[in-house]
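> Got a sequence here, can you model it:
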Amino acid sequence: MIPDPGDIIRRRHTVAVVIRLGAIGFAVWSTLQYFVTLLSVWSFTASSGRMSGSGVLGIPSNFWETIGLYMAAWFLSMVAMGALTVFADALARAIVPLQQPRCPRCGYALTRLVIPECPECGLALPREFANAPDPRAAREQSPGA
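Predicted coordinates:
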C-alpha cells in the first residue's frame, strides 16, 4: 500500500515546527545567558574598582576584553540557530523520508513502474503505483492511433 502523502506532509510539518521552536528557544536562552553574563561582568568590573580605565564610552577596556569571547560565542550560536531555522524543512525531509511502496502479495519493491502491475508476481495494482504514464493509455488518448 502506498503511504498517504498527506500523513507524510503532516509528520514533516510537525518535525519542522519542533526544530524551529527548539532553535528559537535555544536562541532566547542563549541571549538571556549572554546578557546575564554581560551584567555580571559589568558589576564585577564596577565593584572591583577597575572602572578608572579609559575605554569606549567610559567603559573600561578590560570589560571589553572579558566580554569579547562571550560576544563571539553568542554571535556564533545565533548564526547556528538561524541556519537551523532556515533549513528545518530540509531536515524534516531527511528525518521523515517517503516510505517505499511494496507489493501486498509478494513484497517486491514497487519503484519505477511503467504500468501499475507487480513485475514479480503480476498483481494488478492501483494506478498511483505507476511512476510513468501507461503507454496503452497514451495510445488511447492520441487522435492518430
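
> can you give me the helices for this structure?
Counting by DSSP state H, one finds helices in the chain at the ranges 5-47, 61-86, 88-95, 135-141.

> what's the nearest residue to Ile95 if we skip its chain neighbours?
Computed as CB to CB, 6 or more residues apart in numbering, the closest residue to Ile95 that is not its neighbour in sequence is Val15, at 5.2 Å. All C-beta spots, glycine's among them, are computed from the backbone N, C-alpha and C.

> That neighbour: neighbour count?
18 (other CB atoms under 10 Å).

> i'd like the first residue to be 105 from this point on
Fine by me, first position is 105 from now on; the one you just mentioned is Val119.

> Provide a list of residues in contact with it.
Contacts for Val119 (CB atoms under 8 Å, 6 or more residues apart in numbering) come out as 195-196, 199-200.

> Check pLDDT for those residues and point me to the minimum.
Lowest in pLDDT among the contacts of Val119 is Val200, which has 86.

> what about it, distance to Gly129?
Between Val200 and Gly129 the computed distance is 21 Å (CB to CB, to the nearest Å).

> out of those two, which sits in the busier spot?
Val200 (18 against 11).

> Ramachandran coordinates for that one?
As for Val200, its main-chain torsions (degrees, to the nearest 10) stand at phi -110, psi 80.

> hmm, which helix or strand of the protein has the shakiest average pLDDT?
Across the helices and strands of the chain, mean pLDDT, DSSP states H and E gives its lowest value to helix 239-245, namely a mean of 47.

> ok, now how distant is the spatially most central residue of the chain from Gly186?
In the chain, the centroid-proximal residue (CA atoms, centre = their mean) is Ala192; its distance is 1.9 Å. Remark: distance between Ala192 and Gly186 (CB to CB) = 11 Å.

> any shared contact partners between those two?
Joint contacts of Ala192 and Gly186 (CB under 8 Å, 6+ apart) are Ala127.

> Next one: the spatially closest residue to Asp193 that is not a sequence neighbour, what pLDDT does it get?
Once flanking residues are discounted, Asp193 sits nearest to Ala120: 5.3 Å by CB to CB, 6+ apart. On the pLDDT scale, Ala120 is placed at 93.

> if I look at Ala120, how far off is Leu195?
7 Å.
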